[in-house]
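Engineer: the following comprises the amino acid sequence and a computationally predicted model.
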Amino acid sequence: MRRINYLKDLIKNIDRILLILPAIFAVISIVMIESTVYDGELVLSRDVIIQFVAYIIGFVAMFVMLLFDYHQYMSITKILYVLSVIFMLLVYTPLGIEQYGSRAWISLGVTTFQPCEIVKITFVLIFAKYLSEHSWELLKFKGLVKAVIIAAPLILLVLVEDMGNALVITFMMIIMIYAAGVNGKIYWGCAAAVCASLPVVYMLMADHQRARIDAFLNPNDLSLNANYQVWHSKIAIGSGGFFGKGLFQGEQKSLNYLPVANSDFIFAVICEELGFIGGGAVIGLYGLFMYRIVKIATKAKDTYGYLIVIGLGSMFFFQIFENIGMTMGIMPVTGITLPFISSGGTSVIMNMIALGIIISVGIRSKIINF
């Protein structure tokens, strides 16, 4: 009887909007991925099948995660840290494969997955525990440096394999440290020092990473591959006008001018076919999504839960902003996908797991006895 009442409390206190939004994103995702392979008739492509299956698995995983009390993760953070390092190193074994110019994927035969997608979530659980237990240390410079040192190994491991996801985790770290109550003067002083060191960071980047920065700083140079991609992305967005050319009627992707249309530049496909109305609606849905996450964070009953939601919420925000900004040319091309909509089974499942953890915090902020 007690377990039944507990389950009733869980169901009663679930944020229903955060359950509905992934379902809406799933429909948008599958329809738009289908549009990228549409050739006069509907095609049940491999990407569409994988996305559909990923969403089924993702919804199951989300419900499993929200059943767990998030406090349980505090006792296994050391294990999560070790497993995260092992996952990242697996790409250098025979299981690892190279795609899109970097060795950051593991082959499972029928599909592939990126270990860094898992590490983004484990990083938040690990770092949130550390910050919640050492927040008082952040009032001093030494404490801030120590927090960065704790986060650095995972960030560097990801950076070697994928600059885009390394930027995501770095952004998460910065926001989580700020949310944990760092000394403002020290924080902004360090931020200024980091900005001043960016030229050195640029010199240490790999050639293909510097090429993306060069393209962003020289947007009119179409000889740079990244600018060619963004140029056609902006053409697609602009040509959609207010109402769009119609579903499945996009020209940039059908003529193969728009690269990675089903993933990196799927927002451009949405805007070309559904216009300003369609693109604006997607942004509006993401706005509602982020609002509900922030609301859960502000109502969290403890620092650990608060930092988990802030960390995972900042992950979603950065990926949404970077991907959409990238398609418009206001952010550099990094290969970061649009959460829930871009093609990618691993990304969908991990995003659903992250959302399940966020909802778990929200549920337990309302249940008094847990």
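Structural biologist: Cool, got the structure.
Engineer: what about the stretch 51-200 of the chain, any weak spots by pLDDT?
Structural biologist: Scanning the stretch 51-200 of the chain for pLDDT under 70 picks out 99-102, 109-110.
Engineer: quick one, strands of it?
Structural biologist: Using DSSP state E, counting those that start in this stretch, the strands of the stretch 51-200 of the chain run over 96-99, 102-107, 112-113.
Engineer: out of these, which comes closest to residue 134?
Structural biologist: Set against residue 134 and scored by C-beta to C-beta, the strands of the stretch 51-200 of the chain come closest in strand 102-107, at 31.1 Å. Heads up, the C-betas are built off the backbone N, CA and C, glycines and all.
Engineer: quick one on the thing from earlier: would you turn the strands of the stretch 51-200 of the chain into JSON lines with distance to residue 141 and mean neighbour count?
Structural biologist: Shown next, in JSON lines, are those (distance: least, C-beta to C-beta, whole Å; neighbours: other C-beta atoms under 10 Å):
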{"stretch": "strand 96-99", "distance to residue 141": "39", "mean neighbour count": "12"}
{"stretch": "strand 102-107", "distance to residue 141": "34", "mean neighbour count": "19"}
{"stretch": "strand 112-113", "distance to residue 141": "39", "mean neighbour count": "18"}
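Engineer: out of those strands, the one nearest residue 306 is which?
Structural biologist: Among the strands of the stretch 51-200 of the chain, strand 112-113 comes nearest to residue 306, with 29.7 Å by C-beta to C-beta.
Engineer: which elements pack onto that closest one?
Structural biologist: Counting contacts by 3 or more C-beta pairs under 8 Å, 6 or more residues apart in numbering; DSSP states H and E, strand 112-113 is packed against strand 102-107, helix 345-364.
Engineer: run a quick neighbour tally on residue 305.
Structural biologist: By the measure other C-beta atoms under 10 Å, the count of residues near residue 305 is 25.
Engineer: now it. Nearest residue, chain neighbours left out?
Structural biologist: Nearest residue to residue 305, sequence neighbours excluded (C-beta to C-beta, 6 or more residues apart in numbering): residue 361, at 4.2 Å.
Engineer: which residues are in contact with that neighbour?
Structural biologist: Residues near residue 361 by C-beta atoms under 8 Å, 6 or more residues apart in numbering: 70, 296-297, 300, 305-306, 308-309.
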